[in-house]
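Undergrad: Predicted coordinates and the sequence they were generated for:
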Amino acid sequence: MSIYCMKTAEVYQDGGYGPTDFMAFDPEVQFPHVHPTERDETIGNVHQVTGGPQSGQWTWSMTVSLPGPRYGSPTSGVEESRGSAGRRVVEVYRHYLSTRPQQYPRHA
């Protein structure tokens, strides 16, 4: 299974999230946590800006933070479309994982 997105409101039903808030997940990894979980790992977010000079554009952020050297590339930004923003999350996430000294495969 590959990386997929869900509406944030479907993940956190009582969170008050709007219809243009999305979360990206990677089902093929399991990162260390203080409180381990069985669900797929959250890797980032995409959200459409409403209001202001960037209204209609899409913000993205890769939210994974793992041990290892400081990651110097941007982990967030703005794109013209939801698809472009989603692709940036995946692109940055995959590059970020390639810079980590340890891999985190999901154990069956």
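TA: All right, it came through fine. Residues are numbered from 1 along each chain as shown.
Undergrad: now the residue nearest to the spatial centre of the chain: how far from E28?
TA: Centroid-nearest residue in the chain, with CA atoms, centre = their mean: G44, separated by 1.1 Å. Taking CB to CB, to the nearest Å as the measure, G44 falls 15 Å from E28. All C-beta atoms are positioned from the backbone trio N, CA, C, and that covers glycine.
Undergrad: What of Q103?
TA: Taking CB to CB, one finds Q103 at 11 Å from E28.
Undergrad: Contacts for the longest strand seen in the chain, please.
TA: Longest strand of the chain, by residue count under DSSP state E: strand 41-48. Residues from elsewhere that reach strand 41-48 (CB atoms under 8 Å, 6 or more residues apart in numbering): 3, 5, 8, 20-27, 29-31, 56-64, 82, 85-86, 89-90, 92-93.
Undergrad: okay, and for this protein, where does confidence drop off?
TA: Along the chain, the model assigns pLDDT under 70 to residues 1, 34-37, 107-108.
Undergrad: what's near enough to touch K7?
TA: Contacts of K7 (CB under 8 Å, 6+ apart): 17, 19, 21-23.
Undergrad: how about those residues, which pair is most distant?
TA: Based on CB to CB, the longest span within the contacts of K7 runs between P19 and M23 and measures 13.3 Å.
Undergrad: out of these two, which sits in the more crowded spot?
TA: Between P19 and M23, counted using other CB atoms under 10 Å, M23 has the larger neighbour count: 23 against 9.
Undergrad: ok, now how distant is that one from R39?
TA: Applying CB to CB to M23 and R39 gives a distance of 11 Å.
Undergrad: And the strands in the chain?
TA: 4-7, 21-26, 41-48, 58-62, 76-79.
Undergrad: Now distance to Q13 too, for these, in TSV please.
TA: Putting those into TSV (distance: least, CB to CB, whole Å) gives the following:
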stretch	distance to Q13
strand 4-7	10
strand 21-26	12
strand 41-48	16
strand 58-62	22
strand 76-79	25
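Undergrad: that older thread, with only the CA atoms kept, save the longest strand of the chain in CSV.
TA: Output in CSV follows, covering the C-alpha atoms of strand 41-48 (Å, rounded to 0.1, in the frame of the first residue of the first chain):
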residue,chain,number,x,y,z
GLU,A,41,1.9,7.0,10.4
THR,A,42,0.9,10.6,9.8
ILE,A,43,3.5,12.2,7.5
GLY,A,44,2.0,15.6,6.7
ASN,A,45,-0.9,18.0,6.1
VAL,A,46,-2.4,19.9,3.2
HIS,A,47,-4.9,22.8,3.7
GLN,A,48,-6.5,25.3,1.4
